[in-house]
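> next comes the sequence, and after it the predicted model I'd like to discuss.
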Amino acid sequence: MKKTDVRGPTMITGATDMPTIFYAIPLSLSISLVYNATRYELPERIFRAAATMFVKILVGMTVIYGLLTFFSS
(Lines give C-alpha, C1' and ligand atoms only; values in the text may rest on other atoms or scores of the structure.)
Protein backbone atom coordinates (compact mmCIF):
# COMPACT_ATOMS: atom_id res chain seq x y z
CA MET A 1 0.00 0.00 0.00
CA LYS A 2 1.35 3.42 -0.98
CA LYS A 3 1.61 6.13 1.68
CA THR A 4 0.30 9.54 0.74
CA ASP A 5 1.26 12.90 2.16
CA VAL A 6 -1.77 14.19 4.07
CA ARG A 7 -0.22 17.45 5.19
CA GLY A 8 -1.57 19.34 2.20
CA PRO A 9 0.08 22.23 0.38
CA THR A 10 2.74 24.09 2.30
CA MET A 11 2.66 27.32 0.28
CA ILE A 12 0.03 29.42 -1.38
CA THR A 13 0.54 29.34 -5.13
CA GLY A 14 1.67 32.70 -6.48
CA ALA A 15 2.38 34.19 -3.07
CA THR A 16 5.99 33.07 -2.80
CA ASP A 17 7.48 36.33 -4.06
CA MET A 18 5.75 38.63 -1.58
CA PRO A 19 6.83 38.78 2.08
CA THR A 20 4.08 37.97 4.55
CA ILE A 21 4.32 41.40 6.20
CA PHE A 22 2.69 42.98 3.13
CA TYR A 23 -0.54 41.13 3.86
CA ALA A 24 -0.89 43.38 6.90
CA ILE A 25 -1.58 46.46 4.76
CA PRO A 26 -4.94 45.44 3.25
CA LEU A 27 -5.87 43.66 6.48
CA SER A 28 -5.29 46.75 8.63
CA LEU A 29 -7.12 48.93 6.10
CA SER A 30 -10.19 46.70 6.15
CA ILE A 31 -10.12 46.43 9.95
CA SER A 32 -9.97 50.20 10.37
CA LEU A 33 -12.79 50.76 7.84
CA VAL A 34 -15.11 48.19 9.39
CA TYR A 35 -14.38 49.31 12.95
CA ASN A 36 -15.06 52.96 12.17
CA ALA A 37 -18.13 52.15 10.09
CA THR A 38 -19.66 50.58 13.18
CA ARG A 39 -18.93 53.67 15.25
CA TYR A 40 -19.95 56.54 12.95
CA GLU A 41 -22.71 57.23 10.43
CA LEU A 42 -21.35 60.04 8.25
CA PRO A 43 -19.14 58.74 5.42
CA GLU A 44 -16.62 61.58 5.65
CA ARG A 45 -16.24 60.95 9.39
CA ILE A 46 -15.81 57.21 8.76
CA PHE A 47 -13.08 57.75 6.16
CA ARG A 48 -11.26 60.39 8.22
CA ALA A 49 -11.22 58.23 11.35
CA ALA A 50 -10.34 55.10 9.34
CA ALA A 51 -7.39 56.85 7.68
CA THR A 52 -6.09 58.01 11.06
CA MET A 53 -6.49 54.54 12.54
CA PHE A 54 -4.85 52.94 9.48
CA VAL A 55 -1.79 55.16 9.81
CA LYS A 56 -1.55 54.46 13.54
CA ILE A 57 -1.74 50.70 12.96
CA LEU A 58 0.95 50.82 10.25
CA VAL A 59 3.27 52.97 12.38
CA GLY A 60 2.80 50.66 15.34
CA MET A 61 3.44 47.53 13.29
CA THR A 62 6.50 49.13 11.68
CA VAL A 63 7.96 50.00 15.08
CA ILE A 64 7.32 46.50 16.42
CA TYR A 65 8.73 44.92 13.26
CA GLY A 66 11.82 47.10 13.51
CA LEU A 67 12.35 46.22 17.16
CA LEU A 68 11.97 42.51 16.48
CA THR A 69 14.39 42.72 13.56
CA PHE A 70 16.88 44.67 15.67
CA PHE A 71 16.76 42.25 18.58
CA SER A 72 16.86 39.12 16.42
CA SER A 73 20.17 40.03 14.77
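Thanks, I have it. Numbers count the residues shown, from 1 in each chain.
> need the pLDDT of the residue nearest the centre of the chain.
Nearest to the geometric centre of the chain sits residue 24, at 1.7 Å (CA atoms, centre = their mean). Looking at residue 24, its pLDDT is 87.
> and residue 45, helix, strand or coil?
helix (DSSP: H, G, I helix; E, B strand; the rest coil).
> how close does it get to residue 68?
Remark: distance between residue 45 and residue 68 (CB to CB, to the nearest Å) = 35 Å. In short, each C-beta sits where N, CA and C put it, glycine included.
> list the buried residues in the helix or strand where residue 68 lies.
Under the criterion of DSSP states H and E, residue 68 resides in helix 43-72. Under the neighbour-count criterion of 16 or more other CB atoms under 10 Å, helix 43-72 has 46, 49-50, 53-54, 57 buried.
> so what does residue 40 look like in phi/psi?
According to degrees, to the nearest 10, the main-chain angles of residue 40 amount to phi -120, psi 160.
> show me what contacts the closest residue in space to it that isn't next to it in sequence?
Spatial nearest neighbour of residue 40, excluding adjacent residues (CB to CB, 6 or more residues apart in numbering): residue 46 at 5.0 Å. By CB atoms under 8 Å, 6 or more residues apart in numbering, the residues touching residue 46 are 33, 36-37, 40.
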